[in-house]
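Enquirer: Using only what follows, build the 3D model:
(one chain, ligands or ions: 1)
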Amino acid sequence: MFKIARKNFAWWAVALAVLFLLLQVSADLYLPTITSDLIDKGIAQNDQSYIWSQGGKMLIVALIGLLAAGGNVYFASTQAMRVGQKLRTQMYSKIINFSSREFTDFGDSSLITRTTNDIVQIQNVLVTMLRMMLQAPIMLIAAGVLAYNREAKLTTVFLVSLPLLAVSVLIIMYFVVPLFKSIQKKTDRINLVFREGLTGVRVIRAFNQDQFEQDRFDVANKDYTATSTKAQTIVSFMFPIMTLILSGTNIGIIWLGGHLIGDMSMQVGNLVAFMTYSTQILMSFMMLSMVFVMVPRAQASGQRINEVLDRESSVKDAQGTDLKSFDQSQPASLEFDHVDFTYRGAENMALQDVNFKATAGQTVAIIGGTGSGKSTMVNLIPRLFNVDHGEIKVNGQNNASVSQNQLHEAISITQQKAVLFKGTIRSNMQYGKSDASDDEIWHALDIAQSKDFIEENGGLDAIVEQNGDNFSGGQRQRLAIARTIIKPASIYVFDDSFSALDFKTDAELRMALKQDENVANAVSVIVAQRVSTVADADLILVMDNGKVVGQGKHQELKANNETYRQIVESQIREGDGQNA
Ligand SMILES: Nc1ncnc2c1ncn2[C@@H]1O[C@H](COP(=O)(O)OP(=O)(O)OP(=O)(O)O)[C@@H](O)[C@H]1O
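Expert: Predicted coordinates for the structure are as follows:
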């Protein structure tokens, strides 16, 4: 947490916060002296003008203290908010550049909790730090010295109360700090269950699992509540204990002070001033205790934030002379050169010795059973993961040797799950090409067989709800395809993007794709389950268990490849292989 504060504070504002704080503390410490004089010299000797002048002085000093406290709170709060804002930006830009591996490691829900809840913890503690953490020790020492100067004998009371306070705080911290750490983890858990419930709400209803999910959430919620309650209960002991010690100290001071006044060795004003100092000392101690309880909680949050900020993406750009650029004179091409890949923690290789090459204008189709490695293969092209062995060459260049920005510029992908963003059709299409004109957008929509339903829905300004929820699955897929082809690229990838289309739309769309200027000069990669979708590809790769078990054209494979033949036959049986 201190590392975070050090990096993100505007030091001039922190200096101002400290300055105001010092002013406030000085005013607070000066007040008891004025009170004491007012009693001993004014009230005791019935000097009205002295009483008025001291009263006026008190008012001015109190006002200065108040204004200074306001100044301190203003700068402390704005600094804490500023750190929060900077942290959120840093976290977001870090997370957005993570590779799939880091997302898996942290988990989406935890990344959200860290960016929201954990940062709020840090903000709260920074405000406290800029106020109490500085104020408390200064006040404690200064009030201690002033009290000692007033009446050294009375300070013996603190020899009992301060150690008592210290022991109480240590005991509370011992129990509460581990609880605070586990509260953050339990917040992650609540978020995880909540997110799953929200995204899977339709499935939950369809399977009538509302109660099951409700119970699951209740368990996470109760667990969180139980830990929080336990922590708060322990913390709540702090205040009664402190008040008890504070009152005990005052009783001790009055008892001892009473004797001293009786012996004529002390004046009443001195006793009043001493008691004010005593309250200041004990209050400072309470403030310090609060900081001691809050800091470990924020430390846990700080650690969780730093874990994200310090995490290097496992997919990094090459550095120095290893960093290459695409040779713009090279035509589009895609090559897998003996590529092996295993997911971390997985027992089996997801891809084994994958080898093929496609050149500009060609369509490569990848077919195979579920889990055979098709999506893994296309995810390696934009380098969402690093290959274990071999090379993937885009336009003749190893995809690990160019910057990820350049690589992503050269590739345009429709993911298996069509993702649309809240906005309009135009804003979603301009995601593919920011300066796309209306004509270009209509052209892409036309190719993606989406023109008709977009016209019916109100044109390019038609609203797209969150996740594209106001469109059907097939419409979403077509819109995602339109967004993909509007982007000029060397490689177009369609990962199972035609699965939700009927045969007629599927065929028309693929036919139209070939007419598109962007796509015609690029390499197209189509992942599909249906033979009819891949049959006219220039190169079909037949995947089985991470291996390419056959490659060639439809007729060749049908004649020579057992796996492909089985796929074709199974689809003919299901009446699904019209083109086969
Ligand atoms: N993130 C991951 N971590 C670990 N294993 C994974 C991960 N993603 C996929 N796998 C495994 O890798 C293998 C290949 O998965 P992949 O998604 O590439 O298959 P696929 O052919 O695209 O399947 P489908 O047609 O069902 O989409 C599967 O055994 C799968 O369980």
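
Enquirer: Can you name the residues that contact the residue in the stretch 1-150 of the chain positioned nearest to the ligand?
Expert: Nearest residue of the stretch 1-150 of the chain to the ligand: residue 104, at 5.9 Å (C-beta to the nearest ligand atom). Just so you know, the C-beta spots here come from the backbone N, C-alpha and C atoms, and that holds for glycine as well. Counting by C-beta atoms under 8 Å, 6 or more residues apart in numbering, residue 104 makes contact with residue 344.

Enquirer: Going by secondary structure, it is in what exactly?
Expert: Assigned by DSSP states H and E, residue 104 belongs to helix 100-106.

Enquirer: Let's see the helix or strand just after that helix as CSV, backbone CA atoms only.
Expert: Next in sequence after helix 100-106, counting helices and strands by DSSP H and E, comes helix 108-113. The C-alpha coordinates for helix 108-113 follow below in CSV (Å, rounded to 0.1, in the frame of the first residue of the first chain):
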residue,chain,number,x,y,z
ASP,A,108,-12.7,-12.3,-13.8
SER,A,109,-14.5,-11.8,-10.6
SER,A,110,-11.4,-11.3,-8.6
LEU,A,111,-10.1,-8.8,-11.1
ILE,A,112,-13.3,-6.8,-10.7
THR,A,113,-13.2,-6.9,-6.9
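
Enquirer: For helix 108-113, list every residue counted as buried.
Expert: Neighbour counts over helix 108-113 (16 or more other C-beta atoms under 10 Å) mark 109-113 as buried.

Enquirer: Quick one: mean pLDDT for that helix?
Expert: Averaged over helix 108-113, pLDDT sits at 86.

Enquirer: can you check stretch 200-219 too?
Expert: Mean pLDDT, stretch 200-219: 85.

Enquirer: quick one on the thing from earlier: list the buried residues in the helix holding residue 104.
Expert: 101-102, 106.

Enquirer: what about that helix, distance to the chain center?
Expert: 13 Å (C-alpha atoms, centre = their mean, to the nearest Å).

Enquirer: Could you do stretch 518-529 as well?
Expert: For stretch 518-529, the distance to the chain centre is 35 Å (C-alpha atoms, centre = their mean).

Enquirer: From the opening residue of that stretch to its closing one, how far?
Expert: Stretch 518-529 has an end-to-end distance of 25 Å (C-alpha to C-alpha, to the nearest Å).

Enquirer: can you check stretch 509-523 too?
Expert: Using C-alpha to C-alpha, the two ends of stretch 509-523 sit 17 Å apart.

Enquirer: can you tell me the average pLDDT over that stretch?
Expert: 87.

Enquirer: Just checking the distance from that stretch to the centre of its chain.
Expert: The chain centre lies 39 Å from the centre of stretch 509-523; the measure is C-alpha atoms, centre = their mean.

Enquirer: hmm, back to that, and which of the buried residues of helix 108-113 is nearest residue 552?
Expert: Nearest to residue 552 among those is residue 111, at 43.8 Å by C-beta to C-beta.

Enquirer: For residue 462, state which of the buried residues of helix 108-113 is nearest.
Expert: For these, with residue 462 as the reference and C-beta to C-beta as the criterion, the closest is residue 112, at 29.8 Å.

Enquirer: what sits against that closest one?
Expert: Listed by C-beta under 8 Å, 6+ apart, the contact partners of residue 112 are 191, 195.

Enquirer: From residue 466, how far off is it?
Expert: The gap separating residue 112 from residue 466 is 16 Å, by C-beta to C-beta, to the nearest Å.

Enquirer: and what of residue 37?
Expert: To residue 466, residue 37 is 68 Å away according to C-beta to C-beta.

Enquirer: ok so residue 526 is a strand residue?
Expert: Yes. When DSSP: H, G, I helix; E, B strand; the rest coil is applied, residue 526 is found to be in a strand.

Enquirer: Name whatever forms a beta bridge with it.
Expert: residue 365, residue 494 (DSSP bridges).

Enquirer: packing partners for the helix or strand harbouring residue 183?
Expert: Per DSSP H and E: residue 183 is located in helix 156-199. If you count contacts as 3 or more C-beta pairs under 8 Å, 6 or more residues apart in numbering; DSSP states H and E, helix 156-199 packs onto helix 108-113, helix 210-262, helix 268-309.

Enquirer: one more time with 10 Å, if that's ok
Expert: Using 3 or more C-beta pairs under 10 Å, 6 or more residues apart in numbering; DSSP states H and E, the elements in contact with helix 156-199 are helix 108-113, helix 119-128, helix 134-150, helix 201-206, helix 210-262, helix 268-309.

Enquirer: What score does residue 281 have for pLDDT?
Expert: pLDDT recorded at residue 281 is 86.

Enquirer: Just give the number of residues close to it.
Expert: 25 (other C-beta atoms under 10 Å).

Enquirer: and it, what does it touch?
Expert: 139-144, 146-147, 155, 158, 161-162, 165, 246, 249 (C-beta atoms under 10 Å, 6 or more residues apart in numbering).

Enquirer: one step back: please tell me how far the helix holding residue 183 is from the chain's geometric centre.
Expert: On C-alpha atoms, centre = their mean, the centre of helix 156-199 falls 23 Å from the chain's centre.

Enquirer: repeat for stretch 505-517
Expert: For stretch 505-517, the distance to the chain centre is 40 Å (C-alpha atoms, centre = their mean).

Enquirer: okay, the helices and strands packed on helix 156-199 in JSON lines with distance to residue 453 next?
Expert: As requested, the helices and strands packed on helix 156-199 are arranged in JSON lines below (distance: least, C-beta to C-beta, whole Å):
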{"stretch": "helix 108-113", "distance to residue 453": "32"}
{"stretch": "helix 119-128", "distance to residue 453": "42"}
{"stretch": "helix 134-150", "distance to residue 453": "63"}
{"stretch": "helix 201-206", "distance to residue 453": "22"}
{"stretch": "helix 210-262", "distance to residue 453": "33"}
{"stretch": "helix 268-309", "distance to residue 453": "41"}
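
Enquirer: weakest of those helices by average pLDDT?
Expert: Among those, helix 201-206 carries the lowest mean pLDDT (a mean of 80).

Enquirer: Just the element for residue 393, please.
Expert: Using DSSP H and E, residue 393 maps to strand 389-394.

Enquirer: if we look at that strand, which residues are touching it?
Expert: With contacts defined as C-beta under 10 Å, 6+ apart, strand 389-394 is touched by 326, 330, 332-342, 349, 351-355, 357, 377, 380-383, 386, 397-402, 406-407, 410-411, 490-491, 523.

Enquirer: low-scoring stretches of this protein, by residue?
Expert: 1-2, 573-580 (pLDDT under 70).

Enquirer: From the recorded domain assignment, give the ranges for it.
Expert: Following automatic domain parsing, one gets these domains for the chain: 2-309, 352-573.

Enquirer: winner for burial among those?
Expert: domain 352-573 (a mean of 19; mean count of other C-beta atoms under 10 Å).

Enquirer: wait, does that domain contact the ligand?
Expert: Yes. Using C-beta under 6 Å from any ligand atom, domain 352-573 reaches the ligand at 368, 370-376.

Enquirer: Can I get stretch 322-334 in PDB, CA atoms only?
Expert: Output of stretch 322-334 as PDB, limited to C-alpha atoms (Å, rounded to 0.1, in the frame of the first residue of the first chain):
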ATOM      1  CA  ASP A 322      14.300  -9.000 -32.200                       C
ATOM      2  CA  LEU A 323      11.300  -6.800 -32.800                       C
ATOM      3  CA  LYS A 324      10.300  -6.900 -36.500                       C
ATOM      4  CA  SER A 325       7.700  -5.200 -38.700                       C
ATOM      5  CA  PHE A 326       5.600  -6.700 -41.400                       C
ATOM      6  CA  ASP A 327       7.000  -6.300 -44.900                       C
ATOM      7  CA  GLN A 328       4.100  -4.500 -46.500                       C
ATOM      8  CA  SER A 329       5.200  -5.800 -50.000                       C
ATOM      9  CA  GLN A 330       4.600  -9.400 -48.900                       C
ATOM     10  CA  PRO A 331       1.200 -10.800 -49.900                       C
ATOM     11  CA  ALA A 332      -1.000 -12.200 -47.200                       C
ATOM     12  CA  SER A 333      -0.100 -15.700 -45.900                       C
ATOM     13  CA  LEU A 334      -0.500 -17.900 -42.900                       C
END
